[in-house]
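Trainee: heads up, no residue letters with this:
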């Protein structure tokens, strides 16, 4: 992990950009975090739109988390931003756009080709980032995972015991095989669903929530479109992490 | 409204029993409430099990609300506790028990006979209680409604503009006609659903949530049976009232 820049936001949050091999990322820590007082960590997942585009929303989540006493970190998704594309995913994206424009149902094959390789590539990268982040003296445990491509979060929650709690943003385009993986997830979960999200298959989101094996899981459904998550829903997700990471 | 008893709980809550004609009820007020500093009011709905049986859970909700600065009040449901029964409802209850024991589906007719007259009787009684409660100098507005028989809450929210926000506990046995009424409810709503409540038709609960006409409505689904609402879900409902009644 190589830090490439560092700046203070309002004296309360330290923002550091880093690279991990070819992967760029951000780490935000509350000003209070130190080797003597290490803080818990929340990994900030995000959709495959590129870190540049997602930065404003990520930094808002980071500031909120820092105010609650958490460090946050994120890395670029495979095939996004300046990272190399792979042809099958590009093709699947084009197929997806065409099908959505034509109002056709999105076939399982498109979803599998779009999502499964992304999960296969991204999860080891998040785990590598976690190794590096947890070696920093100002970062302690426990670790939570928040949002982003839900299939990445599900796989990460299933395979990495360092993740002790997760919030997911219910989205469509979940490969069928992930429903089986969801049954093996047992950590506390907090799932946000935008009830009238046009780009979202509500029934699939409810089915996925039902599938999770966790004893503690909460679904918070709210009104508003995909990006219209109300402020109070964000606050509730923050309280979930305060309950589980402190 | 005639007060029949009065006692202090922990010096922080004043509990008063009252009668309103033949209807018994309770009023709980924070010790701080006065004519100079009137407090908002939350009406505490409850299932048709009788106030005596429900008292422990009601007083716990009242204490929590008082700590947040709210007065709370409740009245006995029609046909419950010491209040006169009516034969059709007794028959419908017997039919319901028989059908449930036999594992048969519960017909719409049983539900209509069980619930609709209850709603017809209860709602004007709640409105009468509200008239009396709001005439007390220590009770101000606004007014919220919380829990209980969901059809009573839906009707009350639809017909009484003094109710500005409501939390509902999603339960089964909702007459079909109430789904139409739900479309006419427009106040902010916070709906609790116990996901694995065996006595509950999950799909009916989701359909009812979908039907509400409110621009702000949240569904909080949690694990655990009918009476297993987690503490944090109760806290979230309390925060909803703090957002809307303060």
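Mentor: Arrived safely. Being a predicted model, the structure only gives us computed values, none of them experimental.
Trainee: Not counting the helix or strand of chain A with the lowest mean pLDDT itself, show me its contacts.
Mentor: Among the helical and strand segments of chain A, the one scoring lowest on mean pLDDT, DSSP states H and E is helix A:87-101, with a mean of 90. Here helix A:87-101 makes contact (Cβ atoms under 8 Å, 6 or more residues apart in numbering or on different chains) with A:79, A:105-107, A:110, A:113-114, A:117-118, A:173. In short, each C-beta sits where N, CA and C put it, glycine included.
Trainee: where does residue A:226 land on pLDDT?
Mentor: pLDDT, residue A:226: 81.
Trainee: re earlier: check the contacts of helix A:87-101 and tell me the two furthest apart.
Mentor: Farthest-apart pair in the contacts of helix A:87-101 is A:79 and A:105; separation 24.4 Å (Cβ to Cβ).
Trainee: Pick out whichever of these two has more residues nearby.
Mentor: residue A:79 (19 against 10; other Cβ atoms under 10 Å in any protein chain shown).
Trainee: Report all helices and strands that the longest helix belonging to chain A contacts.
Mentor: Taking DSSP state H as the criterion, chain A has its longest helix at helix A:108-134. Applying 3 or more Cβ pairs under 8 Å, 6 or more residues apart in numbering or on different chains; DSSP states H and E, we find helix A:108-134 packed against strand A:13-20, strand A:23-30, strand A:39-45, strand A:71-75, helix A:87-101, strand A:139-147, helix A:150-159, helix A:176-183.
Trainee: As CSV, these with mean neighbour count and distance to residue B:223 would be great.
Mentor: Shown next, in CSV, are the helices and strands packed on helix A:108-134 (neighbours: other Cβ atoms under 10 Å in any protein chain shown; distance: least, Cβ to Cβ, whole Å):
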stretch, mean neighbour count, distance to residue B:223
strand A:13-20, 18, 35
strand A:23-30, 22, 32
strand A:39-45, 25, 23
strand A:71-75, 26, 27
helix A:87-101, 13, 34
strand A:139-147, 22, 19
helix A:150-159, 24, 16
helix A:176-183, 16, 14
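Trainee: The ones you listed: lowest mean pLDDT?
Mentor: helix A:87-101 (a mean of 90).
Trainee: so it versus helix A:108-134, what angle?
Mentor: 120 degrees (axes from the mean of the first three to the mean of the last three Cα atoms, to 10 degrees).
Trainee: Report the contact partners of residue A:122.
Mentor: A:77-78, A:149, A:152.
Trainee: Looking at the residues you listed, which is nearest residue B:18?
Mentor: For the contacts of residue A:122, the nearest to residue B:18 is residue A:149 (56.0 Å; Cβ to Cβ).
Trainee: From residue A:103, how far off is the closest one?
Mentor: Distance from residue A:149 to residue A:103, counting by Cβ to Cβ, to the nearest Å: 24 Å.
Trainee: Kindly report the same for residue A:8.
Mentor: Distance from residue A:8 to residue A:103, by Cβ to Cβ: 49 Å.
Trainee: So between these two, which is more surrounded?
Mentor: Under the criterion of other Cβ under 10 Å, the comparison of residue A:8 against residue A:103 puts residue A:8 first, with 10 against 6.
Trainee: any idea how far the least confident helix or strand of chain A is from the chain center?
Mentor: A distance of 22 Å separates the centroid of the chain from that of helix A:87-101, by Cα atoms, centre = their mean, to the nearest Å.
Trainee: One more: stretch A:74-82?
Mentor: 12 Å.
Trainee: Compute the first-to-last residue distance for that stretch.
Mentor: Stretch A:74-82 has its terminal residues 15 Å apart, counting by Cα to Cα, to the nearest Å.
Trainee: hmm, who's touching that stretch?
Mentor: Applying Cβ under 8 Å, 6+ apart, the set of residues contacting stretch A:74-82 from outside is A:20, A:23-26, A:43-46, A:48-52, A:58, A:83, A:85-86, A:89, A:117-118, A:121-122, A:125-126, A:129, A:148-149, A:152.
Trainee: And for stretch A:158-166?
Mentor: A:43, A:123, A:126-127, A:130, A:134, A:141-146, A:153, A:156-157, A:181, A:184-185, A:187-190, A:240-241, A:244-245.
Trainee: burial measure for the closest residue to residue A:19 other than its chain neighbours, as a count.
Mentor: Distances taken as Cβ to Cβ, 6 or more residues apart in numbering or on different chains put residue A:2 closest to residue A:19, at 5.1 Å, once the chain neighbours are dropped. Using other Cβ under 10 Å, residue A:2 has 9 other residues around it.
Trainee: Let me see the contact set for residue A:2.
Mentor: Applying Cβ under 8 Å, 6+ apart, the residues near residue A:2 are A:18-20.
Trainee: Any buried residues in the helix or strand that contains residue A:56, and which?
Mentor: Taking DSSP states H and E as the criterion, residue A:56 maps to helix A:51-67. For helix A:51-67, the neighbour count (16 or more other Cβ atoms under 10 Å in any protein chain shown) marks A:51, A:54, A:58-59, A:61-63, A:65-66 as buried.
Trainee: what residues does that helix touch?
Mentor: Contacts with helix A:51-67, where a contact means Cβ under 8 Å, 6+ apart, come from A:9-10, A:12-13, A:15, A:24-26, A:28-30, A:42, A:44, A:46-47, A:71-72, A:74, A:76, A:80-81, A:146-147, A:234, A:238, A:241.
Trainee: Against residue A:130, how distant is the most centrally placed residue in chain A?
Mentor: Central residue check for chain A by Cα atoms, centre = their mean: the C-alpha nearest the mean position is that of residue A:45, 2.0 Å away. Between residue A:45 and residue A:130 the computed distance is 13 Å (Cβ to Cβ).
Trainee: did I read that right, residue A:5 in a strand?
Mentor: Yes: secondary structure of residue A:5 (DSSP: H, G, I helix; E, B strand; the rest coil): part of a strand.
Trainee: Okay, and the beta partners of it?
Mentor: For residue A:5, the beta-bridge partners are residue A:17 (DSSP bridges).
Trainee: Please apply the same query to residue A:139.
Mentor: Under the criterion used (DSSP bridges), residue A:139 bridges to residue A:39.
Trainee: From residue B:71, how far out is the residue of chain A most remote from its centre?
Mentor: In chain A, the greatest distance from the average C-alpha position (Cα atoms, centre = their mean) is reached by residue A:102, at 29.4 Å. As judged by Cβ to Cβ, residue A:102 and residue B:71 stand 57 Å apart.
Trainee: ok, residue A:146 touching residue A:237?
Mentor: Yes: contact criterion Cβ atoms under 8 Å: residue A:146 and residue A:237 qualify, at 7.2 Å.
Trainee: what touches both of these two?
Mentor: residue A:167.
Trainee: is it true that residue A:219 touches residue A:191?
Mentor: Yes: taking contacts as Cβ under 8 Å, residue A:219 lies within contact range of residue A:191: 4.9 Å.
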